[in-house]
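Participant: I'd like to go over a predicted model; first the sequence, then the structure.
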Amino acid sequence: MRSREYDLDFRDQAGRLRAWGIGLLVVAALQWAWCALLLLTPYEVDRVPDDHYPAECESRLLTDRGTANDGLRREDWCANERDWPEALAVLGLSVPVSVAGAVLFTSGSLSLRMSAHAEAMRELDK
């Protein structure tokens, strides 16, 4: 394989790595947005199936009331609907996805920059 063909193939592979990294970073950002949605938005809970007047609940993070365990003792309908483990699981899953995305994006970008630098140095040597 000739040098130019090899360099173009190398750049294509580096571009794919960078694209995968961007994709994984977008997935991690969506997971962060989902976690924020779970913690910051108010919601409604049906007391019975097909309830016409569901209970309105405050957001989990910005509430003045007690924790979910306090709500269970007082028969609060909002107590079990959105609890911390679900939001923290989403947040925990975003960590490896964002790390992998950052590594792939950085590796692809660095490979492209180094390839461009090597080509510029070859042109200067001519």
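Facilitator: Sure thing, it's come through. Residues are numbered from 1 along each chain as shown.
Participant: pLDDT-wise, which helix or strand of the chain ranks last?
Facilitator: helix 68-73 (a mean of 52; mean pLDDT, DSSP states H and E).
Participant: ranges for the helices of the protein?
Facilitator: 3-40, 68-73, 84-125 (DSSP state H).
Participant: and of the ones you listed, who's closest to residue 55?
Facilitator: Proximity to residue 55 (Cβ to Cβ) singles out helix 68-73 among the helices of the chain, at 10.9 Å. In this view, the C-beta of every residue, glycine as well, is placed from N, C-alpha and C.
Participant: Pull up the gap between residue 3 and residue 9, please.
Facilitator: 11 Å (Cβ to Cβ, to the nearest Å).
Participant: Also residue 57?
Facilitator: Here residue 57 is placed at a distance of 56 Å from residue 9 (Cβ to Cβ).
Participant: For the two, indicate the residue with more neighbours.
Facilitator: residue 57 (20 against 11; other Cβ atoms under 10 Å).
Participant: and the residue nearest to the spatial centre of the chain, what pLDDT?
Facilitator: Against the mean C-alpha coordinate of the chain, by Cα atoms, centre = their mean, the closest residue is residue 28 at 1.4 Å. At residue 28, the pLDDT value in this model is 96.
Participant: My understanding was that it contacts residue 91; is that so?
Facilitator: No. Applying Cβ atoms under 8 Å, one finds residue 28 not in contact with residue 91, separated by 10.2 Å.
Participant: quick revisit: okay, the helices of the chain in CSV with distance to residue 52 next?
Facilitator: Below are the helices of the chain laid out as CSV (distance: least, Cβ to Cβ, whole Å):
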stretch, distance to residue 52
helix 3-40, 25
helix 68-73, 23
helix 84-125, 27
